[in-house]
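1. Quick one, fold the following:
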Amino acid sequence: MRKRFLLSLVGALLLSSLLLAGCNSGESSEGSGKVTLTFGTSQSGIPRTGIMQTMAKEYEQETGVKIDFQVVPDAQWRDLIKVKLASGEAPDIFNVDVDPLSMPANVRPEENAIDLTNEEFTGRMSEEILPTVSYKEKVYGVSFAPTKIWYVYYNKRIFEELGIQPPTSYAEFKAISQKIKDKDIIPFYQAPASGWYQVLPLFETGPNYEQATPGTYEKLNNNEMKVADLTQLKTVIEQLKEFADLGYFGKDFLSNTVEAGIESFGQEKAAMLLRVPGTEKEVSEAYPDMKDNMGFFVMPWGDNQTIGVNPGGSAAMFGNKNSKHPEEVLKFFRWITEHDHLQRVFDEGEGNLTICWPEIEPKLTQDYIDYEKNHEKGTVMQAAVKYIDPQWMDIGKDLSGMFAGAMTPDQILQNIDKRRAEQAKVLKDEAW
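-> Coordinates of the predicted model:
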């Protein structure tokens, strides 16, 4: 089985590599003399609405410079871009998920990214996002990220018909899921096939671990404790396994993708799913009957009632330092960050209610404002603890293995610690 898995992984990476073939140089179009910039990204790295592609076509009409989007499935992108960067074959522009701890290791900006420090637009990004795209006081990335919070969204109509309320503990979460399942509705939409979605409950609830035992993040960063010592984290993993075993994720859920979640939720096949603020707009536009029919609550895994906040939490664009057309890359960055274009990305994206550009007015509704006032907040674990985010997809594979009965929670925790130690050794971390 291990050999088959490795062969399938290699095959997937080869297929993705073919998708990005020729992306290393941003070559001119054949016989036209016009410049084509390649833009490599994961599926979730750009809005599913297609606004970036639409604007890129308009940019081509204005300037003659074509932006060739090379979109790779989420489950393959992280490994693939590392290979491309290491081999010097990265696209002219590439998207990478960023946070202050993992960006330097994932991007190696001094070697691979165009220095944007002196560009006018970097002074307009929010102070909260700059640390996620900077290294040694230099700015390398451009982001449109909202301050990311993952809530559980639920179907109000289903909840009302069943006489259930949003849960505030795991026991309540489990109880309402059983009532939903009894009505032949999938209680909670899970998407392991995308590779990353199933990992969210483990680390978005990290503030709950820190609140229970202050100093946990610091001890983890100083290698004074292991991830395996986090009993609350083990509990969350065990609860995910229990949900799977009880059928609360539905049948054959291992093949579910994030993209299909909107359809399942919008068609009322699933009663709950994990999403970010602004989900209401995307769902109701596709399924008008869902308008005003969506509520939200914090993830109650491990009895969590704290809002996990990720100041970065999304992809950022980087210009390839080794591109044959660095000035064209900079010109595109300058164009896309003009005020009117920022506003358009915000308005015509996936419905995000905030963006990391203070000049753009947020769209947070009173429901969100009131909810945040009534709940404590904290920084998610992957943005505060070293060597968690770089192994995100590996943890996703481990969780999928657990759902399939091939791994235990203890083995997952041991793997996380093992990979942390390996990464720390590579980076010569003195704490290890």
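2. show me what contacts E282?
-> Neighbouring residues of E282 by Cβ atoms under 8 Å, 6 or more residues apart in numbering: 262, 350-351. Using the backbone N, CA and C atoms, a C-beta is placed for each residue, glycine as well.
3. ok, and for stretch 372-385, which residues are buried?
-> 378-385 (16 or more other Cβ atoms under 10 Å).
4. what does stretch 220-231 give?
-> 220-221, 223, 225, 227-228, 230.
5. Among these, which one lies nearest to A145?
-> N221 (23.2 Å; Cβ to Cβ).
6. ok, that closest one - contacts?
-> Applying Cβ under 8 Å, 6+ apart, the residues near N221 are 385-386, 431.
7. Any regions of the stretch 301-432 of the chain where pLDDT drops low?
-> Where the stretch 301-432 of the chain drops to pLDDT under 70, the residues are 313.
8. just the strands in it please.
-> Along the stretch 301-432 of the chain, the segments classed as strands by DSSP state E, counting those that start in this stretch run 307-309, 315-319, 377-379.
9. Could you tell me which strands the last one is paired with, and in which direction each runs?
-> On the basis of DSSP bridges, the sheet neighbours of strand 377-379 come out as strand 307-309 (parallel).
10. Any chance you could list what contacts the strand it pairs with?
-> With Cβ under 8 Å, 6+ apart, strand 307-309 has contacts from 147-150, 203-207, 298-299, 372, 375-380.
11. how does it look with 7 Å?
-> 147, 149-150, 204-207, 298, 372, 375, 377-380 (Cβ atoms under 7 Å, 6 or more residues apart in numbering).
12. farthest pair in the buried residues of stretch 220-231?
-> N221 and A228 (15.8 Å).
13. Most tightly packed of the strands of the stretch 301-432 of the chain?
-> Comparing the strands of the stretch 301-432 of the chain by mean neighbour count (mean count of other Cβ atoms under 10 Å), strand 315-319 comes out on top with a mean of 26.
14. partners of it in the sheet?
-> Counting by DSSP bridges, the strands paired with strand 315-319 are strand 93-97 (antiparallel), strand 141-143 (antiparallel).
15. isn't L116 right up against R124?
-> No. Using Cβ atoms under 7 Å, L116 makes no contact with R124, being 11.9 Å away.
16. more crowded one of those two?
-> L116 (25 against 15; other Cβ atoms under 10 Å).
17. any idea how far the more buried one is from G312?
-> For L116, the distance to G312 (Cβ to Cβ, to the nearest Å) stands at 16 Å.
18. do K181 as well
-> 36 Å.
19. for L254, same thing?
-> 29 Å.
20. Neighbour count: those two, which is higher?
-> Legend: neighbour count by other Cβ under 10 Å for L254 and G312, higher for G312 (29 against 15).
21. Apart from its neighbours in sequence, what residue is nearest that one?
-> Counting by Cβ to Cβ, 6 or more residues apart in numbering, the nearest residue to G312 once its immediate chain neighbours are dropped is T132, at 3.4 Å.
22. Run through the residues that contact the one you found.
-> 98-100, 103, 311-312, 316.
23. Can you list which of those are found in helices?
-> M103 (DSSP state H).
24. Switch the contacts of T132 over to CSV; also include distance to P362.
-> CSV is the format used below for those (distance: Cβ to Cβ, whole Å):
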residue, distance to P362
V98, 21
D99, 21
P100, 22
M103, 24
P311, 15
G312, 17
A316, 19
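25. Just the buried ones among the contacts of T132, please.
-> So, by 16+ other Cβ under 10 Å, the buried ones in these are 98-100, 103, 311-312, 316.
26. quick one: which of those residues is nearest I336?
-> A316 (12.5 Å).
27. And the contacts of the strand or helix carrying A244?
-> Using DSSP states H and E, A244 sits within helix 231-245. For helix 231-245, contacts defined as Cβ under 7 Å, 6+ apart pick out 170, 188, 201-202, 205, 208-209, 212, 227, 249, 301-302, 399, 402-403, 409, 412-413.
28. cool, and stretch 83-99?
-> Residues outside stretch 83-99 that contact it (Cβ under 7 Å, 6+ apart) are 20, 23-24, 26, 37-42, 45-46, 70, 81, 106-108, 112, 132-133, 141, 143, 312, 314-320, 322-323, 325, 329, 382-383, 389.
29. Can I get it in CSV, CA atoms only?
-> Taking Å, rounded to 0.1, in the frame of the first residue of the first chain, the C-alpha atoms of stretch 83-99 are listed here in CSV:
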residue,chain,number,x,y,z
VAL,A,83,10.5,21.7,-6.1
LYS,A,84,10.1,24.5,-8.7
LEU,A,85,11.8,27.1,-6.5
ALA,A,86,14.7,24.6,-5.7
SER,A,87,15.2,23.9,-9.3
GLY,A,88,15.0,27.5,-10.5
GLU,A,89,11.9,26.7,-12.6
ALA,A,90,9.3,28.7,-10.6
PRO,A,91,6.7,30.8,-12.4
ASP,A,92,7.2,34.5,-12.9
ILE,A,93,4.6,35.1,-10.2
PHE,A,94,3.8,32.5,-7.6
ASN,A,95,1.3,32.3,-4.8
VAL,A,96,2.4,30.8,-1.4
ASP,A,97,0.4,30.6,1.8
VAL,A,98,2.2,32.9,4.3
ASP,A,99,2.6,33.5,8.0
